[in-house]
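Enquirer: sequence first, predicted model second:
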Amino acid sequence: MRIGLTYDLREEYLALGFSEEETAELDKPVTIEGIESALAANGWETERIGNHLALMAALAAGRRWDLVFNIAEGLRGLGRESLVPCLLDAFDIPYTFSDPMVLALSLHKGMCKRAIRDLGVPTAPFLVVERIEDLDRVDLRFPLFAKPVAEGTGKGITSMSKIDDLGTLRRICAELLHKFAQPVLVEEFLPGREFTVGVLGNGGAARPVGVMEVRFRRDDAIYSYESKENYKELVDYALLDEPELAGRVSAVALDAWRGLGCQDGGRVDVRLDDRGCPNFIEVNPLAGLNPIDSDLPIMCRLIGWPYQELIGEIVRSAVLRIENARRRPA
């Protein structure tokens, strides 16, 4: 099987003048090299494609692949993660991970939480602030937590994101609206322990890889851009070894994963409320795959899975999903 690789290489965008924070979600060469090596170790032939522009040129030139391993996240707009899957769908080329609808929905944290709430999955009460006047109708319990509605890797999250009064809320929302030029998600702060759940597979066959707790070395710390960039100094990761709690956290993650229609592999972030009940925070259907620094590979190392096994499981899930779809009657 010949597998093409689509990705956004961070160094290419830095060379164009984009900042470190703007490109925080994009990939380093070690990630592309790691995926390429893992695919080869599983016996598959690979071809590097690159970003959406390189993909469009390749498609126009007539190049095709049996499968595309897609981790391209894009840089602009609420549909940026959907662009590459849309192009591949148009040419009937199968790919790993979720489809354009799921990627667009999950990127917009407010829309995603509306869907999650409708599915009956526990999540903190929230408000999407599109303009500062929206705060005139805020009816949430302080403390609150504010972050850009469509960023990842902790972008826009700082020590000031946890907010105790309306005046500060207005100031922080105004700053985020200006800096990121997108709505702000404001939600009731969940004070309990924080976890991320790795998930593999599709539909009823989806299963948790493990439940990893995010433990901050400072009591006042939050999982911010700074924390993620400097996790070796600020954060400890540990598998959750409390079976009953792990089961409840995994159940919330799987209900969200299946309800949203996520595919093949990714992560769901969960945090406990003041009663100890697991609540959905967000889903990452294009989870980072840096072999060293990304949460999902870290989790796999903790459970004793080699990186090539993780990549192989993702591809096998995609192949099975595609084969099942082709067997369905038209």
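Expert: All right, it came through fine.
Enquirer: surely Arg141 is in a helix?
Expert: No. In this structure, Arg141 is coil, not part of a helix, as judged by DSSP: H, G, I helix; E, B strand; the rest coil.
Enquirer: was I right about it contacting Val186?
Expert: No. The criterion here is CB atoms under 8 Å, and Arg141 misses it with Val186 at 11.5 Å. Placement of C-beta: from N, CA and C, glycine included.
Enquirer: who has more neighbours, the two?
Expert: Val186 (25 against 10; other CB atoms under 10 Å).
Enquirer: mind checking the SS state of that one?
Expert: Applying three-state DSSP: Val186 is strand.
Enquirer: so who does it touch?
Expert: Residues near Val186 by CB atoms under 8 Å, 6 or more residues apart in numbering: Phe126, Leu127, Val128, Val129, Leu135, Val138, Leu140, Leu144, Phe145, Ala146, Leu169, Cys173.
Enquirer: so which residues make contact with stretch 24-31?
Expert: So stretch 24-31 is in contact with 7-11, 13, 71, 73, 75, 151-155, 225, 229, 288-292, 294, going by CB under 8 Å, 6+ apart.
Enquirer: for the residue nearest the centre of the chain, give the beta-bridge partners.
Expert: Nearest to the mean C-alpha position of the chain, by CA atoms, centre = their mean, lies Asn284 at 2.1 Å. Under DSSP bridges, the beta-bridge partners of Asn284 are Arg267.
Enquirer: pretty sure it is touching Leu260, no?
Expert: No. If you go by CB under 8 Å, Asn284 and Leu260 don't touch, sitting 11.4 Å apart.
Enquirer: in a strand, Val121, correct?
Expert: No. Per three-state DSSP, Val121 lies outside any strand segment and is coil.
Enquirer: skipping adjacent residues, who's closest to Val315 in space?
Expert: Thr96 (6.4 Å; CB to CB, 6 or more residues apart in numbering).
Enquirer: next one: Cys262
Expert: Pro285 (4.6 Å).
Enquirer: wait, doesn't the one you found sit right on Leu103?
Expert: Yes. In this structure, Pro285 is within contact of Leu103 by CB under 8 Å, at 6.2 Å.
Enquirer: helices or strands up against the helix or strand harbouring Arg171?
Expert: Using DSSP states H and E, Arg171 maps to helix 166-180. The contact analysis (3 or more CB pairs under 8 Å, 6 or more residues apart in numbering; DSSP states H and E) places helix 166-180 against strand 144-148, strand 184-188.
Enquirer: pipe those strands into CSV and attach distance to Pro243 and mean pLDDT per row.
Expert: Formatted as CSV, those follow (distance: least, CB to CB, whole Å; pLDDT from 0 to 100):
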stretch, distance to Pro243, mean pLDDT
strand 144-148, 29, 97
strand 184-188, 28, 98
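Enquirer: in CSV: those, plus distance to Val252.
Expert: Converted to CSV, the helices and strands packed on helix 166-180 look like this (distance: least, CB to CB, whole Å):
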stretch, distance to Val252
strand 144-148, 18
strand 184-188, 16
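Enquirer: nearest to Tyr307 among those strands would be which one?
Expert: strand 144-148 (29.8 Å; CB to CB).
Enquirer: list the contacts of the longest helix along the chain.
Expert: Longest helix of the chain, by residue count under DSSP state H: helix 307-327. Applying CB under 8 Å, 6+ apart, the external contacts of helix 307-327 come out as 1, 3, 34-35, 37-39, 41-42, 44, 67, 69, 94-97, 200-202, 209, 263-265, 289, 291, 296-297, 300-301.
Enquirer: if you set the cut-off to 6 Å instead, what comes out?
Expert: 35, 38, 41-42, 94, 96, 200-202, 264-265, 291, 297, 300 (CB atoms under 6 Å, 6 or more residues apart in numbering).
Enquirer: buried among the residues you listed? Make that a ChimeraX selection.
Expert: To isolate the buried ones among these in ChimeraX, judged by 16 or more other CB atoms under 10 Å, type:
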select :35,38,42,94,96,200,201,202,264,265,291,297,300
